[in-house]
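S.K.: Build me a model from this:
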Amino acid sequence: MSISLLRELHQDVRRLVIAGAGIAADDLRLKRMLPQLQQLGEKAPIFKRVAEEINGVTEAKPEHAAGKLLDLAVLLHAVLHTQSSADADGELLPLGNSANPVRVSTEYPYRKLKPLLDALTQRGPGRLEIIRQGAEDGLFTDFRAFIPAVIGLRDSYAEIADYIAEKVIPQMSAAVLPILHEQFNMQGNSGDARMLVCLYRLTSESEALWPLLSAASKEGASPVRLAAISLMAGFPAFEEELLELSHDKKKDIRGAALTALSGFQSDRVVIRLMDALAKKDTELAIAPIQACTAPRLTGQLLHLGSALIDKIESGEPSAAVKETLGGVISSFQTKAHESAVRQFLMRMFSNEQVDHKEYDLILNEAAQILLYSKDKLALAYLHEQRDSRPPLIGYSLKAALHFLEPAKLYDQYEGYLTQKKGKNTRELLQAFYAYTSNPLDLMISGQQEQTNVVWDARWVDRFVELNEEELVCRLVKAPDKRIAAYLVEKSKVAPQLMKPRTLLLFHTLFRLGHRETDEMFLTALELATQKSYYYVGREEQLLIAMLPSHYAEKLHQIADKITYEYSRNQIKQLADHVAAKPEEIETEAEGAGFLAWIKNKLS
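M.R.: Predicted coordinates for the structure are as follows:
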């Protein structure tokens, strides 16, 4: 009763502070409370003190009223903070349940938790770093961080919300389950979808959550439904519900249900996946069919594929037939290990009705499947298609790489690369680029050649004739005057721009030991630095490091002329490295010793 009276008085004082102390002297509400406080003051001195302060306010002169009112406000503030209760309303219950009691701690000082709690509940930059640090320090085991962390699953910054779901909530273990259950809203957004996933991961017996998953998959908002459906995957108890959901009106729900069904092996699932592929959900069904390992599924795909080929042969091609056939071929990507699939694809290639004008994308995907199968018969078949299926000659070359010797490969394919704009030249060049690497990029990254393909040396001469300078740089291995002359001539085209092609040409000339490369590169570098030269890229740095040590002084001279301090300092530092280059590295500009040395020098 007395505390409620003080709270009421506190509100009145706050009202007077806002309105102005000048009206406090005649305030009727203050005067009405005075007798009650005087009566309470007979039992408790603090109330007597409050009554005296009120009396001082009501009798104060206008010039002293503000000070008296402030004294009363300070006194009330102190009393309320020392006498009020901090307990929450309601019955106090243990966290968890009697079967699974949960222990929590509040071991960390609040001053350490405060920045973390602010990062979880407020907006602004830099919050993710604070949350990460809090997780690393173990602060999320403190119970005071539980509710802010769970609410953080709804953070508008998705990266923060995802991090909390993946890294933070698991640290809290089962202790956070009651809060997750309380905060979860089936009609919520992606944050509630994350809560559902966290509930599933932390619940020791997943069956206990099945009723919630079932309800969420049907009644929840779209993000929650998608999350629930993904969690239902693999449980036979949900097969019937997932089959029903695969007919939902919403496309994304149908897609999620089909994906969840891909883990089942029953005939009903196979029939549903094939029905979706053959009808309106072709695009949605491809990935689930690729993932499904049901034994009957491949046979069903082959049957549907054959029926579609029959329609094409009978002159009934349509956009629907083309789309479905494309879906069937895409579905074979994970089933190329089966002989029947490879045989079907090869029969399709032999069918002249399936031409490149209408079915180019489908035929390209089929060729890719045969190539990746690495089956000897399939590779040989692709190699033989170079004349009957010219648009697929790139795949023919890639297949031949698996079993033909380099010289024989050159003899059989060089005739197709005689003109820069010849028929199917583009497909063959793309194959060469796919199976070769840029040596400058490899040297900078420290990686090895990704393919073990050995090319016949005659290809270099052929690419000189075709003026394919990058392929020349990729394939040339040994010094050759004619090749060097070609590369020197190509490097004369705007060398001061230091374009990637120019740097690759210089690097190749360095590799081939061309004597004039040092001066050519320095001249180009000097021309480049005469304009806006803000930064020395890693490619330029590597080429500078390949220079002999006696060029260090020249590099310093070039650096002194650069306007921008950062690039000037970069070249000066590189000049010092070149000057101090160990003698044994001077003669092996591409060896392991050079690579180990330069790795620590590039900035």
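S.K.: okay, CA-based contacts and neighbour counts for the rest of this
M.R.: Fine.
S.K.: show me where the stretch 151-300 of the chain has helices.
M.R.: 158-163, 169-172, 177-183, 190-202, 210-219, 222-232, 239-245, 251-261, 267-278, 282-291, 295-313 (DSSP state H, counting those that start in this stretch).
S.K.: Output the ones you listed in CSV, with mean neighbour count and mean pLDDT appended to each entry.
M.R.: Output for the helices of the stretch 151-300 of the chain, formatted as CSV (neighbours: other CA atoms under 10 Å; pLDDT from 0 to 100):
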stretch, mean neighbour count, mean pLDDT
helix 158-163, 17, 96
helix 169-172, 20, 92
helix 177-183, 16, 93
helix 190-202, 22, 96
helix 210-219, 18, 96
helix 222-232, 23, 97
helix 239-245, 18, 96
helix 251-261, 24, 97
helix 267-278, 19, 96
helix 282-291, 21, 96
helix 295-313, 16, 94
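S.K.: Just tell me which of those helices ends up closest to Asp456.
M.R.: helix 282-291 (38.4 Å; CA to CA).
S.K.: and the closest one, what does it pack onto?
M.R.: Helix 282-291 sits against helix 251-261, helix 267-278, helix 319-331, with contacts defined as 3 or more CA pairs under 8 Å, 6 or more residues apart in numbering; DSSP states H and E.
S.K.: who's in contact with the residue minimising distance to the centre of the chain?
M.R.: In the chain, the centroid-proximal residue (CA atoms, centre = their mean) is Glu159; its distance is 9.9 Å. Applying CA atoms under 8 Å, 6 or more residues apart in numbering to Glu159 gives the contacts Leu128.
S.K.: picking that back up, and the helices of the stretch 151-300 of the chain as TSV, adding distance to Asp118?
M.R.: Formatted as TSV, those follow (distance: least, CA to CA, whole Å):
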stretch	distance to Asp118
helix 158-163	13
helix 169-172	17
helix 177-183	19
helix 190-202	19
helix 210-219	32
helix 222-232	27
helix 239-245	41
helix 251-261	36
helix 267-278	48
helix 282-291	42
helix 295-313	54
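S.K.: Among those helices, which comes closest to Ile147?
M.R.: Once the helices of the stretch 151-300 of the chain are compared by CA to CA, helix 177-183 is nearest, at 6.7 Å.
S.K.: Past the longest helix seen in the chain, which element shows up next along the chain?
M.R.: Looking across the chain with DSSP state H, the single longest helix is helix 62-83. Going down the chain from helix 62-83, the next helix or strand is helix 110-121, by DSSP states H and E.
S.K.: So what touches the helix or strand that that following helix is followed by?
M.R.: The helix or strand immediately downstream of helix 110-121 is helix 127-136, counting by DSSP H and E. The contact list for helix 127-136, computed with CA under 8 Å, 6+ apart, reads Pro115, Leu116, Ala119, Leu120, Phe140, Glu159, Ile160, Lys167, Val168.
S.K.: can we see that at 10 Å?
M.R.: Helix 127-136 is contacted from outside by 112-113, 115-121, 137-141, 149, 157, 159-161, 163-164, 167-169, 171, using CA atoms under 10 Å, 6 or more residues apart in numbering.
S.K.: Look at Pro582 and say how many residues are nearby.
M.R.: Using other CA atoms under 10 Å, Pro582 has 14 neighbouring residues.
S.K.: Okay, domains of the protein per the record?
M.R.: As recorded under automatic domain parsing, the domains making up the chain are 2-83, 294-403, 404-478, 482-599.
S.K.: By mean pLDDT, flag the weakest helix or strand of this structure.
M.R.: helix 592-599 (a mean of 62; mean pLDDT, DSSP states H and E).
S.K.: got JSON lines for the helices and strands packed on helix 282-291, with distance to Lys43 too?
M.R.: Shown next, in JSON lines, are the helices and strands packed on helix 282-291 (distance: least, CA to CA, whole Å):
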{"stretch": "helix 251-261", "distance to Lys43": "70"}
{"stretch": "helix 267-278", "distance to Lys43": "81"}
{"stretch": "helix 319-331", "distance to Lys43": "88"}
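S.K.: Nearest to Val476, out of these?
M.R.: Between those, helix 319-331 lies closest to Val476; by CA to CA that is 37.9 Å.
S.K.: which other residues reach the next helix-or-strand element following that closest one?
M.R.: Heading C-terminal from helix 319-331, the first helix or strand you meet, by DSSP H and E, is helix 339-350. Outside helix 339-350, the residues that touch it by CA under 10 Å, 6+ apart are 298-299, 301-302, 305-306, 309, 329, 332-333, 335-336, 354-355, 363, 366-367, 369-370, 373, 375, 377-378, 381-382, 385, 388-389.
S.K.: Quick one: work out the angle between helix 339-350 and helix 295-313.
M.R.: If you take axes from the mean of the first three to the mean of the last three CA atoms, to 10 degrees, helix 339-350 sits at 10 degrees to helix 295-313.
S.K.: Next, the angle from helix 339-350 to helix 319-331.
M.R.: 140 degrees.
S.K.: which helices and strands does the helix or strand following helix 339-350 pack with?
M.R.: Sequence-wise, the next helix or strand downstream of helix 339-350 (DSSP H and E) is helix 356-373. Applying 3 or more CA pairs under 10 Å, 6 or more residues apart in numbering; DSSP states H and E, we find helix 356-373 packed against helix 319-331, helix 339-350, helix 376-388, helix 393-400.
S.K.: No further questions, thank you.
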